[in-house]
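>>> Here is my input; please provide its structure:
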Amino acid sequence: EVQVVESGGGEVQAGGTLRLSCAVSGFTLDDYAIGWFRQAPGKERLGVSCINSSHGSTYYDDSAAGRFTISRDNAQNTVFLQMNDLKPEDTAVYYCAVDPHCAGYVPRVLYWGQGTQVTVSS
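Got it, this is the predicted structure:
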């Protein structure tokens, strides 16, 4: 059974940091790319970052580039999203997802986590 479980959300002030974790089971990180998406209230769910399965190549959307870092620990079967210099516009529910080929496209996602809330106050 595939499971995707996020943790690490919370509330921080602008300029602060958070580290999200995504623990997966039922497959290994060599099998699938893992992406992070986020959804702000009233807005669509969008891809933020992704790390692919084969070479560990990473991808970021424009809002995350330079501030967020995605990484993985294959031994723990866990993917991390380090978020620095957080801004109020980063406030959203963050979802970890099995995103083959790092498409960053919601219909291409195979499995979703339950989401974790990130709130950044000004």
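
>>> need the contact list for the residue lying closest to residue 53 once chain neighbours are set aside.
Counting by C-beta to C-beta, 6 or more residues apart in numbering, residue 53 lies nearest to residue 33, which is 5.1 Å off, once chain neighbours are set aside. For the C-beta atoms, the positions are set from N, CA and C on the backbone; glycine is no exception. Shown in contact with residue 33 (C-beta atoms under 8 Å, 6 or more residues apart in numbering): 50-53, 98-102.

>>> one more time with 7 Å
Residues in contact with residue 33 (C-beta atoms under 7 Å, 6 or more residues apart in numbering) are 50-53, 99-102.

>>> distance of the closest residue to residue 9 other than its chain neighbours from residue 54?
When the adjacent residues along the chain are set aside, residue 9 lies closest to residue 116, with 3.4 Å between them (C-beta to C-beta, 6+ apart). Relative to residue 54, residue 116 is positioned 27 Å away (C-beta to C-beta, to the nearest Å).

>>> neighbour-wise, which of these two wins?
Neighbours around residue 116 and residue 54, counted as other C-beta atoms under 10 Å, are more numerous at residue 116. The numbers are 21 against 7.
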